[in-house]
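I need the structure of the sequence given here:
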Amino acid sequence: MRAWLLGLLLCLVGFGVQADEPLPAQVNLVSEHWAGHTNADGSGLAWEIMRVVFEPAGVKLNYQLVPYTRAIGLVQRGEADAWLGSYRNEISERIIYPRSPYDADRIVALSLRSAPEATLQNIGRYRLAWMRGYDYQHYLPGVQHFQEIQRRVGILRMLELGHADFYLDASTEVEDLLHEGSDPALFRTTELIRLPLYAGFADTARGRALVELFDRRMAELLRDGELRPIFRRWQQPYPFDEDMEIPDASP
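The predicted model follows:
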């Protein structure tokens, strides 16, 4: 077991701060739709993880799919308990984060094969694009020129027309884009960084009670190896076997 994971487990097992109110009967989670992660029918890696975290403790999972920035707003206003897919400290206002991530994003750069090869060290020199609200400029060095887009439709064409040098997204999303294109061989993907994924909770008494439960249950599940079969079932790498970079968002 990697040292960072052992330290996380010891820290979480010893985390004994009492919440301000008893656990609610239901946790209301919101998320953008990501295929295989948060499917509309309630299946997917993330929904399955959340169920094994909360439901054995008597907290039923309720979920809703909304655009990413709207999900954040719902949690900040207390209209939902947490949203999925956040990077740690991505949002600080009226939000609290658990100690444990539940997964990790492999962030890749998509470009034409004719473009220069991207590295973590040089990516900031180029014209970049990513989905609105993802804020990769906080996690990559030296970013100077970027645009945020509303939808993933037309990204391959955007690169072909030279409107951006690289499109950045999680590897699973980029794979789906390439499958939809007429000639995937025109493009290249390069992995840049692995970022842990968190649930961002409302900074309320209810949210603090749910965060405490989340951290306690994640420690138990990691200790007992109960998450590993879920990642295997969804054909995703098990992130807790590897070192993950866990940067805070820069101002």
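
could you list the domains of the protein?
26-103+196-234, 105-194 (the TED database).

among the ones you listed, which is the most enclosed?
Looking across the domains of the chain with neighbours counted as mean count of other CB atoms under 10 Å, the highest average goes to domain 26-103+196-234: a mean of 19. The way it works is simple: take the backbone N, C-alpha and C, and place the C-beta from them, glycine included.

what is the mean pLDDT for it?
For domain 26-103+196-234, the per-residue pLDDT values average out at 96.

what is the distance between it and the centre of its chain?
Between the centre of domain 26-103+196-234 and the centre of its host chain there is 10 Å, according to CA atoms, centre = their mean, to the nearest Å.

related to what we said a few turns ago, dump the domains of the chain to JSON lines, plus distance to F240.
Formatted as JSON lines, those follow (distance: least, CB to CB, whole Å):
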{"stretch": "domain 26-103+196-234", "distance to F240": "6"}
{"stretch": "domain 105-194", "distance to F240": "12"}
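
which one of these lies closest to D241?
Each of the domains of the chain was checked against D241 via CB to CB, and the shortest separation belongs to domain 26-103+196-234, namely 8.7 Å.

got the phi and psi for G142?
Per-residue torsions, G142: phi 70, psi 20 (degrees, to the nearest 10).

now do the strands in this protein.
Counting by DSSP state E, the segments of the chain that form strands are 26-31, 60-65, 82-86, 95-96, 103-112, 127-131, 145-149, 166-170, 187-202.

wait, which of those strands is closest to G181?
With CB to CB as the criterion, G181 lies closest to strand 187-202 of the strands of the chain, at 7.3 Å.

and the closest one with strand 26-31, angle?
Strand 187-202 and strand 26-31 meet at an angle of 150 degrees, taking axes from the mean of the first three to the mean of the last three CA atoms, to 10 degrees as the criterion.

cool, thanks, signing off.
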